[in-house]
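sequence isn't available, so here's the structure alone:
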């Protein structure tokens with residue numbers, strides 16, 4: 001699983017069986033029964049009466065008013081295409097699935113936590129083991145380049161001590177990772193059947209049988225996934241593969257007792273997984289009205305029910321495509337929650353007025369999506385583009401000339417856009433903190449660096465020209481174009497401030513907003529990932545890890561990698577490559593893992609292939625009485641703890 005995702009949306013590059021209620025049982029419980037003889041009242045016994053009034057008429061016995069049902073309506077902009085957990089899930093689908101499932105593993109502040117597992121495997125507790133194994137010709141191994149191949153003479157792989165060795169003949173020793181996962185004993189499916197590791201093993205078989213390139217890489221690196229008993233399953237990697245994020249190799253269970261008779265290739269189109277997936281989480285799908293809503297009811301077999309969870313009696317996801325309509329629905333109480341896609345970067349004035357009047361609430365937190373300004377460090381040779389940003393001093397000058405705090409505040413005036421100094425946020429466990437090079441807003445320092453790099457304004461027009469700049473003709477004005485995506489208000493605001501900031505430092509900046517399909521197109525035709533640009537503004541979405549691999553030399557888009565890689569600046573650094581590659585080969589949670597990731601960040605903050613701007617805030621609008629919502633930057637949806645949402649009447 002890749003630790004970052006390239007979105008193909010306007011912001012960044014992109015890259016549960018209906019539960020039938022026990023109506024019959026409940027109805028039976030409510031049917032009147034003939035009282036046993038011992039239950040027949042004695043006519044001679046006095047009948048309890050309410051105390052008489054002054055006039056002697058008994059008062060009626062008061063009947064307590066039952067509390068209203070707690071029914072939460074979440075309004076989101078899109079309807080899911082599918083709820084199949086191994087399908088192509090949209091954000092709208094993930095929102096719903098967080099109510100149908102719980103875990104198996106949550107990620108809180110970029111740290112994994114067990115949900116339906118007894119504990120997370122680790123080298124320290126013995127649930128993760130690196131063992132030495134012998135491999136021979138014909139065995140499947142992970143070669144040093146990161147691909148699974150059959151071992152033949154000439155294949156280079158890491159031996160048992162980590163050195164790269166070219167196999168010749170005979171046998172070779174390398175490492176193999178073995179990871180043990182143990183299920184909690186109290187987890188059941190929402191139909192009451194026990195959830196066992198056989199369901200996780202079945203899910204692995206499903207993934208093996210699906211023709212999905214995004215899943216194939218994970219399967220290829222798995223030598224075996226075997227159940228030991230009802231609660232224990234063991235994942236074994238192919239020899240030579242040290243999986244950094246081995247804690248995530250527990251396959252999300254599927255209900256084998258329901259799905260086993262469905263052919264695997266037909267499974268993605270089956271309503272058993274697509275529209276009514278059976279889960280173990282706090283809610284079950286009651287009804288899906290196409291084009292309108294998905295309704296969910298509490299799961300009577302939820303393993304956290306002894307804690308009184310979930311608090312809600314019903315949850316409905318409504319699909320409201322219009323921002324104006326959604327805001328009005330919130331204000332009149334037809335929506336209790338609006339997701340970020342219905343709030344946008346600039347909430348409507350009516351919503352802001354409601355917030356001021358305490359008739360609605362806006363909550364926000366930092367997200368895992370980080371916005372950055374990319375420099376064309378190394379344009380493609382045939383473009384004949386001027387390499388304005390090849391000199392690191394020029395990139396550092398732009399960093400000093402850019403008022404990033406102002407940009408963050410202007411881009412998201414009603415959210416919490418956290419200033420970025422690295423490709424990981426401050427709360428991440430590998431954040432390099434005070435080891436980083438921090439680029440404060442200091443235009444004077446920026447102008448000084450530009451002069452040192454050979455850029456001076458010799459004609460007094462306010463724009464600098466090249467004076468003995470290597471690779472650039474003398475007298476070339478420092479005039480560049482910023483590419484970004486069309487229709488994005490936050491980026492429009494950012495571009496305006498950048499133009500003002502850079503002009504003050506003697507750099508003329510034009511801006512061009514491109515359609516997303518053009519901006520994000522692969523090279524060689526795509527301007528950004530074909531390395532034919534000056535400056536570019538977009539974002540990456542992080543996962544659990546620190547994505548140093550984004551800027552490895554091997555990730556520079558070029559013909560031999562089909563232009564489908566991430567290092568669009570064309571940045572190449574041997575020191576950065578070594579630190580990042582060492583981090584990627586280290587095991588998650590070890591001191592080595594943290595140290596190498598921090599080394600890579602330090603080099604990145606000095607070399608600045610891109611200038612990190614801010615982490616895009618997560619935003620949620622709620623009715624005032626809704627309580628319990630907690631936004632977490634590393635969670636994929638705001639409903640990861642939907643079982644704890646409640647109303648305060």
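All right, it came through fine. All figures in this text were calculated on a predicted structure; none of them were measured in a lab.

longest strand in this protein, by residue count?
Scanning the chain for the longest strand, with DSSP state E as the assignment, gives strand 361-375.

other residues contacting the helix or strand just after that one?
For strand 361-375, the following helix or strand on the C-terminal side (DSSP states H and E) is helix 392-401. Contact with helix 392-401 is made by 373, 375, 377, 388-389, 439-443, 445-447, 449-450, 452-453, 455, 501-502, 504-505, 507, 606-609, 611, as judged by C-beta atoms under 8 Å, 6 or more residues apart in numbering. C-beta here means a position set from N, CA and C on the backbone, and glycine is covered the same way.

what of stretch 619-627?
72, 327, 330, 333, 335-340, 342-343, 347, 351, 358-364, 412, 414-415, 629, 631, 638, 645-649.

about what we covered before: sort out for me which of the contacts of helix 392-401 are in helices.
443, 445, 446, 447, 449, 450, 452, 501, 502, 504, 606, 607 (DSSP state H).

and the pLDDT at the second one?
pLDDT, the model's per-residue confidence, is 98 for residue 445.

which residues does it contact?
397, 400.

rerun that using 10 Å as the cut-off
Neighbour list for residue 445: 396, 397, 399, 400, 401, 439, 505 [criterion: C-beta atoms under 10 Å, 6 or more residues apart in numbering].

most neighbours among these, please name it.
Most neighbours among those, by other C-beta atoms under 10 Å: residue 397, with 29 neighbours.

quick one, strands of the stretch 501-649 of the chain?
Along the stretch 501-649 of the chain, the segments classed as strands by DSSP state E, counting those that start in this stretch run 508-514, 535-542, 610-622, 626-627, 646-647.

sorry, wrong one. I was asking about the stretch 201-350 of the chain.
Using DSSP E, counting those that start in this stretch, strands in the stretch 201-350 of the chain cover 222-229, 232-237, 283-289, 293-298, 314-319, 337-338.

buried deepest among those, which one?
Greatest average neighbour count among the strands of the stretch 201-350 of the chain goes to strand 337-338 (a mean of 26), per mean count of other C-beta atoms under 10 Å.

report pLDDT for residue 55.
Looking at residue 55, the pLDDT reads 54.

re earlier: dump the ones in helices among the contacts of helix 392-401 into a markdown table; add distance to residue 623 as well.
Formatted as a markdown table, the ones in helices among the contacts of helix 392-401 follow (distance: C-beta to C-beta, whole Å):
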| residue | distance to residue 623 |
| --- | --- |
| 443 | 45 |
| 445 | 48 |
| 446 | 47 |
| 447 | 51 |
| 449 | 51 |
| 450 | 52 |
| 452 | 57 |
| 501 | 40 |
| 502 | 44 |
| 504 | 45 |
| 606 | 48 |
| 607 | 48 |
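
returning to that earlier point: for the strands of the stretch 501-649 of the chain, which one sits closest to residue 211?
Among the strands of the stretch 501-649 of the chain, the nearest to residue 211 by C-beta to C-beta is strand 535-542 (25.4 Å).

strand partners of that closest one, parallel vs antiparallel please.
Using DSSP bridges, strand 535-542 pairs in its sheet with strand 4-5 (antiparallel), strand 361-375 (antiparallel), strand 479-485 (parallel).

so which of these comes closest to residue 269?
Closest to residue 269 of these is strand 4-5 (C-beta to C-beta; 24.8 Å).

and that closest one, average pLDDT?
For strand 4-5, the mean confidence score works out to 40.

likewise for stretch 409-420?
The pLDDT scores in stretch 409-420 average 89.

for the stretch 451-600 of the chain, just list every one of the helices.
Counting by DSSP state H, counting those that start in this stretch, one finds helices in the stretch 451-600 of the chain at the ranges 489-504, 516-519, 574-585, 591-607.

now the contacts of residue 445 in JSON lines, with pLDDT and distance to residue 578?
Shown next, in JSON lines, are the contacts of residue 445 (pLDDT from 0 to 100; distance: C-beta to C-beta, whole Å):
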{"residue": "396", "pLDDT": "98", "distance to residue 578": "22"}
{"residue": "397", "pLDDT": "98", "distance to residue 578": "27"}
{"residue": "399", "pLDDT": "98", "distance to residue 578": "24"}
{"residue": "400", "pLDDT": "98", "distance to residue 578": "28"}
{"residue": "401", "pLDDT": "98", "distance to residue 578": "31"}
{"residue": "439", "pLDDT": "97", "distance to residue 578": "24"}
{"residue": "505", "pLDDT": "98", "distance to residue 578": "33"}
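
closest to residue 553 among the residues you listed?
Minimum distance to residue 553 across the contacts of residue 445 is 20.7 Å, recorded for residue 396 (C-beta to C-beta).

quick one: low-confidence ranges for the chain?
Flagging of the chain using pLDDT under 70 yields the residue ranges 1-60.

could you rerun that using 50?
Within the chain, the stretches with pLDDT under 50 are 1-50, 53-54.

reformat the strands of the stretch 201-350 of the chain as TSV; add distance to residue 157.
Shown next, in TSV, are the strands of the stretch 201-350 of the chain (distance: least, C-beta to C-beta, whole Å):
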stretch	distance to residue 157
strand 222-229	14
strand 232-237	13
strand 283-289	47
strand 293-298	48
strand 314-319	48
strand 337-338	51
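
can you give me the neighbour number for residue 109?
Using other C-beta under 10 Å, residue 109 has 13 neighbouring residues.

surely it and residue 630 touch.
No: with contacts counted by C-beta atoms under 10 Å, residue 109 stays clear of residue 630, the gap being 11.2 Å.

residue 86 reaches residue 206, doesn't it?
Yes: counting by C-beta under 10 Å, residue 86 does reach residue 206; the two are 6.5 Å apart.

and for the two, which residues touch both?
215, 251, 254, 267, 268, 273.

measure residue 257 to residue 381 for me?
Residue 257 sits 60 Å away from residue 381, going by C-beta to C-beta, to the nearest Å.

the two: which is more packed in?
Under the criterion of other C-beta under 10 Å, the comparison of residue 257 against residue 381 puts residue 257 first, with 15 against 8.
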